[in-house]
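Visitor: could you work out the structure for the sequence below:
(chains A and B)
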Amino acid sequence: MPAPIRLRELIRTIRTARTQAEEREMIQKECAAIRSSFREEDNTYRCRNVAKLLYMHMLGYPAHFGQLECLKLIASQKFTDKRIGYLGAMLLLDERQDVHLLMTNCIKNDLNHSTQYVQGLALCTLGCMGSSEMCRDLAGEVEKLLKTSNSYLRKKAALCAVHVIRKVPELMEMFLPATKNLLSEKNHGVLHTSVVLLTEMCERSPDMLLHFRKVWILVPQLVRILKNLIMSGYSPEHDVSGISDPFLQVRILRLLRILGRSDDDSSEAMNDILAQVATNTETSKNVGNAILYETVLTIMDIKSESGLRVLAINILGRFLLNNDKNIRYVALTSLLKTVQTDHNAVQRHRSTIVDCLKDLDVSIKRRAMELSFALVNGNNIRGMMKELLYFLDSCDPEFKADCASGVFLAAEKYAPSKRWHIDTIMRVLTTAGSYVRDDSVPNLIQLITNSVEMHAYTVQRLYKALLDDISQQPLVQVSSWCIGEYGDLLVSGQCEEEEPIQVTEDEVLDVLEGLLVSNLSTPVTRGYSLTAIMKLSTRFSSVNRIKKVVSIYGSSIDVELQQRAVEYNALFKKYDHMRPALLERMPIMEKTASNGPTEIVQTNGETEPSVPDTKHPPLVTQPANQANDLLDLLGGNDVVPVIQTTLPTKPASAGGELLDLLGDLSLSSGPAPAPSVPISQPPFLLDGLSSQPLFNDISAAIPPMTAYSKNGLKIEFTFERANPNPNIAVITIHATNTTEADMTEFVFQAAVPKTFQLQLLSPSSNMVPALNQGSVTQVIRVLNPQKQQLRMRVKLTYTHKGSPVQDLAEVNNFPPQSWQ
Amino acid sequence: MMHFLLLFSRQGKLRLQKWFTPIPEREKKKIVRDMTTMVLGRKPRSCNFLHWKDLKIVYKKYASLYFCCGLDAEENELLALEVLHRYVELLDKYFGNVCELDIIFNFEKAYFILDEFLLGGEVQETSKQVVSRSIEASDMLQEVSERPCSR
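Guide: Model prediction:
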């Protein structure tokens, strides 16, 4: 049998192949030859054949039939064989392979070989891909080699130990004694790998970390080594562009970071050297900047003094101005990590950061955007928003969703005026309207409802936007909702903020009907338009037209539309007396979470749901009925019905998403899509604005009052001004019971005159315990924009000693401060 | 630590692959495909850093070869560039003005050099001379002590 062709020969031949098919043919032929050679157990050429196999494996062809051959090569006595054998093992025999463990014995023998290069091969293989079992078996050998004086082997053993610890953390302890003198080595290879080993141990075991910190007192040792590196003159062996062993310097800085974290003493011990490195390192080349970068990360992570922190941030600021893109990128990433703890220092570099928005590099743009949002505050909101909106206009689609969300969040927290806020929202909707996230629609609707004085302006602008473009669904949805709500303001031309437009009822209905039939509208959008049209039946006079539209959609193929239309039809036909009440103006919505009020919208927003069907009278009509009774009592039409919400109170999580973008210190990949925030988010750190203190102490300015006291039931009102809207009074009722029997099924209802809006939140319970053993509390929010005198009619129902009790009362003795 | 190091040409042909974590063969192929697509798709003057899953990807082009490595999130990207550069310098010293063809025809040597420089995804030796001397000594051992088995 002729000698198998040489490796380089094969490579040359394969490279001449002009097509994939030709290559495959050559490879198959050679594989067949190799296979038969393996079968013949040919020792001489096994090495050559395996090498060829490895080449073909790199081209993507299967090579598993060479696995056992690698084992044979490793077991051979020839160094050449071992070299190729171990290479083959590392490429073909990872721990998932069945035959992996068969290597163990060979490796064990080679770890004790007389030639250090053979030992080196074994250590390398074990340290790159040894399985947990193999590591367990051979850890003892590695530990032995860790104590050798041969630096070539010692450094490899150290990294092998790192691998063992990664695979089998319990074995960490056994390496501890051998690690003790590693740092007193002069050899840089050993020093470097020792620092890596110590780092791995510290990261994995808090006990080890403590041990190294307090018992071995590593910090001064490391500081000394680092100092020597910096102060020593030119060392040709380790020099990189004038810096001595940058790899070792960076690893030491990293270990110092871990040791100094949350430990004052260690941090103090390293202060000087950090300052020295930060000021003396040459920054003209990448290598110097790599060291500075690591230094900055360390300074920011340990308990450094403020002067040092400022120095670090300034280094990052200088990085931002560097021509090298990599350095700018790294600076932005680091600033993102520090922006929360050192906010003011980072603010100083705001203009440079904003300039980075215009960078051509996608990665830099993204970091700059995230950082810009983190830097927005009450003082710079106008300027920053201008830049960010400009960015939104011109950026790539991959950024638009995140940028839009960020703009909404920032605008909500820091809007200098309602009008500015609405304008900003409009701008985002019109420029990036199809990219905004789905849950921004309910958010915006809530926002708009709360800006009572801007309703006319808002609906007018949204209407004009609709005339221009109906393709952007979120914009269309918000607009139709607003037109449904405030259409009366639109046609009456009441806008104060800008020139009111002349628009007739028919034109408005034309636009809404246009949405229903347009191909561009999604089913959700169609739902919005139909509901809006329905709402206009109480605001417009052209009811017949609306009736006609609604009845047409009663036979729509879209089930959702059909259901709505049928229910609205029924509303017209059988329940027309309820229509005004059901379609009344929305009350102000509770502003708890700025990006999760989808629940609110469900209970409050679509309250026109249902025309009652006989089986399941919906939640809404009941209070409407009762409210109607109260309506009668207070004199007919001038009362707004109370709509109970069952929304639990939540702490504000405004900007929680932004926190997610920023707070992820491990810098997850790609554009982190801001996740929809679960309702139970912890309160946002930077901001205390939107948290509604509902069960709070009495505001000292407004005295409490007794609203009702009869038959042992006493109801007290305590007051609070709600931030930020001073027109909202928050009243907490406390119901107590002095009788001997509990009052069960306790329900408190209230009605106010028309100029007010009222919202009742869920009560703490519906049982008032006897003998003042406890109380039921419930919160009422009253919006009083016209600052009229507050009066209230209350209705109480409960069961006492088995019999139901009902009572009505008027509450007129509100303290003046509560409504002035 | 470094999770993998890949060398590939402008046409996406793989010239070297070093994996420091156990990954199924199929997934390795996918990662290689993803890396080549991502890196080759970058605009010429972009920065050398990318994000992919939870890894930092650092890449650098040397003549017709792309050197691409995947790192843990806490690694220093700027230093990673230095690591890649050091490897190129070592190859250059060994082959004398190294070019892609050298690595194609002597891929096993490229691996041997890499294995003297990195181990388990970490740098094992920071001195160029020590690495070069180790390789030379190993090569000598290969030639002298055993019966030569030329490939």
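Visitor: any chance you could map the strands in the chain?
Guide: Chain wasn't specified; assuming chain A. Using DSSP state E, the strands of chain A run over A:239-240, A:243-244, A:639-640, A:705-710, A:713-721, A:728-737, A:743-753, A:757-760, A:776-783, A:792-800, A:803-811.
Visitor: my question was about chain B, not that one.
Guide: B:2-9, B:14-19, B:49-52, B:55-62, B:65-71, B:118-119, B:122-123.
Visitor: which of those has the lowest average pLDDT?
Guide: Mean pLDDT values for the strands of chain B show the minimum at strand B:49-52, a mean of 90.
Visitor: before we move on, back to that, please identify the deepest-packed of the strands of chain B.
Guide: The densest packing among the strands of chain B, expressed as mean neighbour count by mean count of other C-beta atoms under 10 Å in any protein chain shown, is seen in strand B:118-119 with a mean of 27. Heads up, the C-betas are built off the backbone N, CA and C, glycines and all.
Visitor: packing partners of it?
Guide: Packed against strand B:118-119 by the contact rule (3 or more C-beta pairs under 8 Å, 6 or more residues apart in numbering or on different chains; DSSP states H and E) you find helix A:116-129, helix A:151-167.
Visitor: who's in contact with residue A:712?
Guide: Taking C-beta atoms under 8 Å, 6 or more residues apart in numbering or on different chains as the criterion, residue A:712 is in contact with A:737, A:738, A:739.
Visitor: ugh, wrong one, residue B:93
Guide: Residues in contact with residue B:93, defined by C-beta under 8 Å, 6+ apart, are B:128, B:132.
Visitor: pretty sure residue A:308 sits against residue A:273.
Guide: No: the pair residue A:308 and residue A:273 does not pass the contact test of C-beta atoms under 8 Å, sitting 11.0 Å apart.
Visitor: packing partners of the lowest-mean-pLDDT helix or strand in chain B?
Guide: When the helices and strands of chain B are scored by mean pLDDT, DSSP states H and E, strand B:49-52 comes last with a mean of 90. Helices and strands touching strand B:49-52, as assessed by 3+ C-beta pairs under 8 Å, 6+ apart, comprise helix A:325-338, helix A:362-375, helix B:25-40, strand B:55-62.
Visitor: got any ranges where the chain has weak pLDDT?
Guide: Let's take chain A. Low-confidence segments of chain A, defined by pLDDT under 70: A:1, A:591-701, A:721-726, A:820.
Visitor: wrong chain, I was asking about chain B
Guide: Per-residue confidence for chain B (pLDDT under 70) gives these ranges: B:145-151.
Visitor: okay, the angle between the helix ranked longest in it and helix A:325-338?
Guide: Once chain B is assigned using DSSP state H, the helix that runs over the most residues is helix B:77-95. With axes from the mean of the first three to the mean of the last three C-alpha atoms, to 10 degrees defining the directions, helix B:77-95 sits at 150 degrees from helix A:325-338.
Visitor: give me the angle between helix B:77-95 and strand B:55-62.
Guide: Going by the same axes, to 10 degrees, helix B:77-95 makes 40 degrees with strand B:55-62.
Visitor: for helix B:77-95, which positions count as buried?
Guide: When burial is assessed from 16 or more other C-beta atoms under 10 Å in any protein chain shown, helix B:77-95 yields the following buried residues: B:77-91, B:93-95.
Visitor: over to stretch A:809-820?
Guide: Taking 16+ other C-beta under 10 Å as the basis for neighbour counts, the residues of stretch A:809-820 that come out buried are A:811, A:814, A:818, A:819.
Visitor: could you double-check that the last one sits in contact with residue A:792?
Guide: To tie it back to what came earlier, the one meant is residue A:819. No: under the criterion of C-beta under 8 Å, residue A:819 is not in contact with residue A:792, lying 10.7 Å apart.
Visitor: residue B:99 contacts residue B:63, doesn't it?
Guide: Yes: under the criterion of C-beta under 8 Å, residue B:99 is in contact with residue B:63, at a separation of 6.6 Å.
Visitor: those two: which is more packed in?
Guide: The residue with more neighbours, out of residue B:99 and residue B:63 and counting by other C-beta atoms under 10 Å in any protein chain shown, is residue B:99; that gives 14 against 11.
Visitor: any idea how far residue B:88 is from that one?
Guide: Distance of residue B:99 to residue B:88, given as C-beta to C-beta, to the nearest Å: 11 Å.
Visitor: can you lay out the helices and strands packed on strand B:118-119 as JSON lines showing mean neighbour count and distance to residue A:395?
Guide: Converted to JSON lines, these look like this (neighbours: other C-beta atoms under 10 Å in any protein chain shown; distance: least, C-beta to C-beta, whole Å):
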{"stretch": "helix A:116-129", "mean neighbour count": "25", "distance to residue A:395": "43"}
{"stretch": "helix A:151-167", "mean neighbour count": "26", "distance to residue A:395": "41"}
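Visitor: any idea which residue of the stretch 351-500 of chain A lies closest to chain B?
Guide: Ranking the residues of the stretch 351-500 of chain A by distance to chain B (C-beta to the nearest C-beta) places residue A:361 first, at 5.0 Å.
Visitor: now do the phi/psi pair for that residue.
Guide: Summarising the backbone geometry of residue A:361 under the convention degrees, to the nearest 10, its torsions are phi -80, psi 130.
Visitor: show me what contacts it?
Guide: For residue A:361, the contact set (C-beta under 8 Å, 6+ apart) comprises A:325, A:329, B:43, B:45, B:46, B:47.
Visitor: how about the contacts made by the first one?
Guide: Contact analysis of residue A:325 by C-beta under 8 Å, 6+ apart lists A:359, A:361, A:364, B:45, B:46, B:47, B:48.
Visitor: quick check on those residues: which are buried?
Guide: With neighbours counted by 16+ other C-beta under 10 Å, those contain buried members at A:359, A:361, A:364, B:46, B:47, B:48.
Visitor: got TSV for those, with distance to residue A:71 too?
Guide: Compiled in TSV, the buried ones among the contacts of residue A:325 are given as follows (distance: C-beta to C-beta, whole Å):
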residue	distance to residue A:71
A:359	53
A:361	48
A:364	49
B:46	44
B:47	44
B:48	40
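Visitor: going by distance to residue A:745, which of these wins?
Guide: Distances from residue A:745 to those, taken as C-beta to C-beta, are shortest for residue A:364 (63.1 Å).
Visitor: surely that closest one meets residue A:353?
Guide: No: counting by C-beta under 8 Å, residue A:353 is not a contact partner of residue A:364; they are 10.4 Å apart.
Visitor: shared neighbours of those two, which are they?
Guide: The overlap between the contact sets of residue A:364 and residue A:353 (C-beta under 8 Å, 6+ apart) consists of residue A:332.
Visitor: returning to that earlier point: and the furthest pair within the contacts of residue A:361?
Guide: Between all members of the contacts of residue A:361, the longest pairwise span (C-beta to C-beta) is found for A:329 and B:43 and amounts to 14.0 Å.
Visitor: the two - which one has more neighbours?
Guide: In terms of neighbours (other C-beta under 10 Å), residue A:329 is the more surrounded of residue A:329 and residue B:43; the figures are 25 against 8.
Visitor: for the nearest residue to that one once chain neighbours are set aside, give me its contacts.
Guide: Setting aside the residues directly before and after it, residue A:329 is nearest to residue B:47 in space (C-beta to C-beta, 6 or more residues apart in numbering or on different chains), at 4.6 Å. With C-beta under 8 Å, 6+ apart as the criterion, the residues that contact residue B:47 are A:325, A:326, A:328, A:329, A:361, A:363, A:364.
Visitor: what do you get for residue A:474?
Guide: A:429, A:433, A:434, A:436, A:438, A:440, A:441.
Visitor: could you redo the last one with a cut-off of 10 Å?
Guide: Listed by C-beta atoms under 10 Å, 6 or more residues apart in numbering or on different chains, the contact partners of residue A:474 are A:404, A:428-429, A:432-441, A:444, A:524-525.
Visitor: same check, this time on residue B:16
Guide: Residues in contact with residue B:16, defined by C-beta under 10 Å, 6+ apart, are A:58, B:5-8, B:65, B:67, B:87, B:103-104, B:107, B:110-111, B:114.
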